[in-house]
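Visitor: Dropping the sequence and predicted coords here.
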Amino acid sequence: MTPEAIRGVAASVLAAAFVSAQAVDIEWDGISYLRVPVKLGSDTRLVMPEPFDDAWEHDDEISTTLLDARTLIVRPRTAKIEQRLTLRGRSSGLLYLARVSTALPYTPVVIVHSSNLKNGAPGESSDGLSITALLRAMMLGTIPPGFRVERSTRVLLDQPPYRVVAEHLWQSFRQAGVIARVTSAFPQRTVPIVPANIQIQIPQLGSLRAMAADEYELGPEQLSSRVYIVYGR
């Protein structure tokens, strides 16, 4: 092998190692949002565990290219991005909910794994509706069969920095979903919405399974956000 060829192989190995070192592996549990970091002027490769179809909240903010059946290249068009991405698995029919954000620590490659993919839908309830599917239905305002919806004004949490007030209760025999409004106790400060810090337990609805939000940061320009909470028995 010539010196030039050796240098070329070495460069390829180093480049592969560099990408690998900056890749993030996510084991999808069927409940949590997939976190997809993006940065203006850079690409993010999102590698899913199966072929998929994608739907964006704001198409004008994002440029995307399908590299192959399982890999999406994402490029933001503006410096600040915070939006939802929904992906539907073509093989499983599962709905993957992702948060695409410039506020997340940037990595160029996000690889999603799902060890339970072949064993049925992760997070699927006994009445056939997955947790992510219920979250998505509440976000779209589409009531699934077997659910009844009631209005509510119950205060679920009033502890700084959050105040959470219920707006609607969705309930079936096995599952329940709450659509609520979260506001900040400190409107002049930036307050991140961290689901792990908002543990609202309602025993009569079952165990807390998942939470999502329209916006993940409150501040002077974003005083409140709608949140979606799923409970199951």
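Guide: Great, that's in hand. What you see is a predicted model; the values in this text were computed from it and never measured.
Visitor: residues contacting the nearest residue to E150 once chain neighbours are set aside?
Guide: The shortest distance from E150 to any non-neighbouring residue, by CB to CB, 6 or more residues apart in numbering, is to L169 (4.8 Å). In this view, the C-beta of every residue, glycine as well, is placed from N, C-alpha and C. Going by CB atoms under 8 Å, 6 or more residues apart in numbering, L169 touches V149, E150, R151, S152, A176, G177, V178.
Visitor: What helix or strand is L169 located in?
Guide: Assigned by DSSP states H and E, L169 falls within strand 162-171.
Visitor: Secondary structure element for G177, which one?
Guide: Going by DSSP H and E, G177 is part of strand 175-184.
Visitor: CA atoms only for the strand holding L169 - export them in PDB, please.
Guide: The C-alpha coordinates for strand 162-171 follow below in PDB (Å, rounded to 0.1, in the frame of the first residue of the first chain):
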ATOM      1  CA  TYR A 162     -44.900  26.000  38.400                       C
ATOM      2  CA  ARG A 163     -48.600  26.300  38.600                       C
ATOM      3  CA  VAL A 164     -50.500  23.600  36.700                       C
ATOM      4  CA  VAL A 165     -54.300  23.800  36.200                       C
ATOM      5  CA  ALA A 166     -56.300  21.100  34.400                       C
ATOM      6  CA  GLU A 167     -58.400  22.000  31.400                       C
ATOM      7  CA  HIS A 168     -59.700  18.600  30.200                       C
ATOM      8  CA  LEU A 169     -59.800  15.000  31.500                       C
ATOM      9  CA  TRP A 170     -59.800  12.200  28.900                       C
ATOM     10  CA  GLN A 171     -60.700   8.800  30.500                       C
END
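Visitor: Show me what the helix or strand just after the strand holding G177 is packed against.
Guide: As assigned by DSSP H and E, the chain's next helix or strand after strand 175-184 is strand 191-192. The contact analysis (3 or more CB pairs under 8 Å, 6 or more residues apart in numbering; DSSP states H and E) places strand 191-192 against strand 217-218.
Visitor: Apply 10 Å and report the result again.
Guide: On a contact count with 3 or more CB pairs under 10 Å, 6 or more residues apart in numbering; DSSP states H and E, strand 191-192 meets strand 175-184, strand 217-218.
Visitor: helix or strand right after it?
Guide: strand 207-213.
Visitor: quick one, which of the helices and strands packed on strand 191-192 is packed in tightest?
Guide: Stretch with highest mean neighbour count among the helices and strands packed on strand 191-192: strand 175-184 (a mean of 22; mean count of other CB atoms under 10 Å).
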